[in-house]
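Asks: Give the three-dimensional model of this entry:
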Amino acid sequence: MGLHENGRFKGVFLAWLGVVKPLWQLVLESEAEQALPDGGHRGVFRGRASQRHPFGALIHGAVCFERSTDYAHGMGPAPLKRMLPIALCIAILAYLGLCLLLYLFQNRAVFFPGRPPQATPATAGLEYEDVRLKTRDGVSIHGWWIPRSEATGVILVAHGNAGNIADRLGLARAFHELDFSVLLFDYRGYGNSEGTPTEEGVYLDGEAAYEYLTDERGIPPSRIVLFGESLGGGVAVQLASRHACRALITESAFTSVPDVAAEIYPWFPTRLLVRNRFANADKLGSIQVPYLTIHSPEDELIPFSHGERLHAVANEPKRLLRTSGGHNDGGFQSSEGYRHEVGVFLRGVFAGDE
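Replies: So this is what the prediction gives:
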């Protein structure tokens, strides 16, 4: 579906531990040396600190030592008491450092741009046009217009936080088989699109895709259905809160990024640190179009409770479709039964149209 566990932040976490661990080791060595009867040291010289750790020269001048098993025998209660304040300081510094890293690198934990697509809609047996869209801030983004003759309407697809539009060909085909034309587009920094992704940036990308349909294709808003998966749900909700459309569909979407971050990192003040908001639950109250929420109780990344809350705060008419499988297990298009249910919703939305 698009949302990946933020392994990048875990990597940063391990890098930070790489600094904290040598600091703690030096504290142990210093205290052990003071505890030896002859005031000397029994550590084994291991060369320059910079050769053992990239920050070694900054930590302890030019040299550092490896602990010897003899150190522990020379330490008594007094050295241990002296170590406690130092250990506390190191723990506080480590915590604050991780908070800083979370704040600075959060975009890299939210957005996982995919490389240029290797497949095209032709791979899935679909005719298409390659399109370039210009955003209001001058960024050129890439998309595919997949028309269908005598289409019921148009589905504007905002994909998840990973991969690119080539990974959504199954989704495009599912909507195409339901008699809809489809517009797929890549956010800035994804696929063949220029730029670097940010929350405001992907909102502008969604605006460019919407304006392409209304201005260049001449498609009335009453024929446009906005669809967003995972993080793309935030883009679709943002568009629906600012522009007219026929209906809104989100799949595996979250209530907000701070809500997700608080569940993943409960020991951090994430609501203060997270800049990316994607406050979907707060925006749904202003949207007055039919809304379909698709979510699986088995979703291991975005809990089903997020889908339930989005459904609860939305205006009528609305529907909650429970699917099965994990977050990245293919979505509604992977099951004929779920595709049928989405088709029922869409036919109901367009009922009465000639």
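Asks: Now whichever strand or helix holds Ala87: buried residues?
Replies: Following DSSP states H and E, one finds Ala87 within helix 77-104. Going by neighbour count (16 or more other Cβ atoms under 10 Å), the buried part of helix 77-104 is 79, 83, 86, 90, 94, 97-99, 101-102. C-betas here are computed from N, CA, C, even on glycine.
Asks: Can you tell me how far Tyr203 is from Asn276?
Replies: 11 Å (Cβ to Cβ, to the nearest Å).
Asks: got it, and Phe268?
Replies: Taking Cβ to Cβ, one finds Phe268 at 15 Å from Asn276.
Asks: Kindly report the same for Thr135.
Replies: Separation of Thr135 from Asn276 (Cβ to Cβ) stands at 18 Å.
Asks: repeat for Thr255
Replies: According to Cβ to Cβ, Thr255 stands 13 Å off from Asn276.
Asks: Ile294 should be in a strand, yeah?
Replies: Yes - assigned with DSSP: H, G, I helix; E, B strand; the rest coil, Ile294 falls within a strand.
Asks: Surely it is in contact with Ser335?
Replies: No - proximity of Ile294 to Ser335 does not meet the contact threshold set by Cβ atoms under 8 Å, at 11.0 Å.
Asks: Pick out whichever of those two has more residues nearby.
Replies: Ile294 (25 against 16; other Cβ atoms under 10 Å).
Asks: May I have the beta-bridge partners of the more buried one?
Replies: Ile294 has the following beta-bridge partners by DSSP bridges: Glu251, Leu321.
Asks: Tell me who's in contact with it.
Replies: 249-252, 307, 321, 323, 331-332, 338, 342 (Cβ atoms under 8 Å, 6 or more residues apart in numbering).
Asks: ok, 6 Å please
Replies: 251, 321, 323, 332 (Cβ atoms under 6 Å, 6 or more residues apart in numbering).
Asks: Out of those residues, give me the one that has the most neighbours.
Replies: Glu251 (28 neighbours).
Asks: That one reaches Gly228, doesn't it?
Replies: No - Glu251 is not in contact with Gly228 according to Cβ atoms under 6 Å; the separation is 7.4 Å.
Asks: Which one's more surrounded, Phe268 and Asn276?
Replies: Neighbours were counted for Phe268 and for Asn276 using other Cβ under 10 Å; Asn276 has more, 21 against 17.
Asks: Would you mind measuring from the more buried one to Pro258?
Replies: From Asn276 across to Pro258, the span is 9 Å (Cβ to Cβ).
Asks: now Arg173
Replies: Here Arg173 is placed at a distance of 35 Å from Pro258 (Cβ to Cβ).
Asks: again, but for Leu88
Replies: Applying Cβ to Cβ, the value for Leu88 to Pro258 is 29 Å.
Asks: which residue packs closest to Leu231, ignoring adjacent ones?
Replies: Leaving aside its chain neighbours, Leu231 sits nearest to Asn161 (3.9 Å; criterion: Cβ to Cβ, 6 or more residues apart in numbering).
Asks: Tell me the pLDDT of that neighbour.
Replies: What the model reports as pLDDT for Asn161 is 95.
Asks: And it, how far from Glu211?
Replies: 23 Å.
Asks: Then His159?
Replies: For His159 relative to Glu211 (Cβ to Cβ), the value is 18 Å.
Asks: how about the helices of the chain, start to end?
Replies: 7-35, 49-52, 56-60, 77-104, 106-110, 169-177, 199-211, 232-242, 257-264, 270-273, 280-283, 304-313, 336-349 (DSSP state H).
Asks: Please name whichever of those helices is nearest to Gly153.
Replies: Between Gly153 and those, the shortest separation by Cβ to Cβ is 7.7 Å, and it involves helix 336-349.
Asks: Next up, the contacts around Pro197.
Replies: Residues near Pro197 by Cβ under 6 Å, 6+ apart: 111, 187-189.
Asks: Ala162 - nearest residue in space that isn't next to it in sequence?
Replies: Phe112 is the one closest to Ala162 (Cβ to Cβ, 6+ apart), at 3.9 Å.
Asks: Next one, pLDDT for that neighbour please.
Replies: 91.
Asks: Excluding sequence neighbours, find me the nearest residue to the spatially most central residue of the chain.
Replies: Against the mean C-alpha coordinate of the chain, by Cα atoms, centre = their mean, the closest residue is Val110 at 3.2 Å. Nearest residue to Val110 in three dimensions, chain neighbours excluded: Asn276, at 5.3 Å (Cβ to Cβ, 6+ apart).
Asks: Is it correct that the one you found is in contact with Glu199?
Replies: Yes - contact status for Asn276 versus Glu199: in contact at 4.7 Å, counting by Cβ under 6 Å.
Asks: Could you export the contacts of Pro197 to TSV, including columns for distance to Ile146 and neighbour count?
Replies: Formatted as TSV, the contacts of Pro197 follow (distance: Cβ to Cβ, whole Å; neighbours: other Cβ atoms under 10 Å):
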residue	distance to Ile146	neighbour count
Phe111	25	21
Tyr187	18	31
Arg188	21	24
Gly189	23	21
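Asks: Next, format those as a markdown table and append distance to Gln118.
Replies: Converted to a markdown table, the contacts of Pro197 look like this (distance: Cβ to Cβ, whole Å):
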| residue | distance to Gln118 |
| --- | --- |
| Phe111 | 20 |
| Tyr187 | 18 |
| Arg188 | 20 |
| Gly189 | 18 |
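Asks: Which strands or helices does the helix holding Ala87 pack on?
Replies: Packing partners of helix 77-104 (3 or more Cβ pairs under 6 Å, 6 or more residues apart in numbering; DSSP states H and E): helix 7-35.
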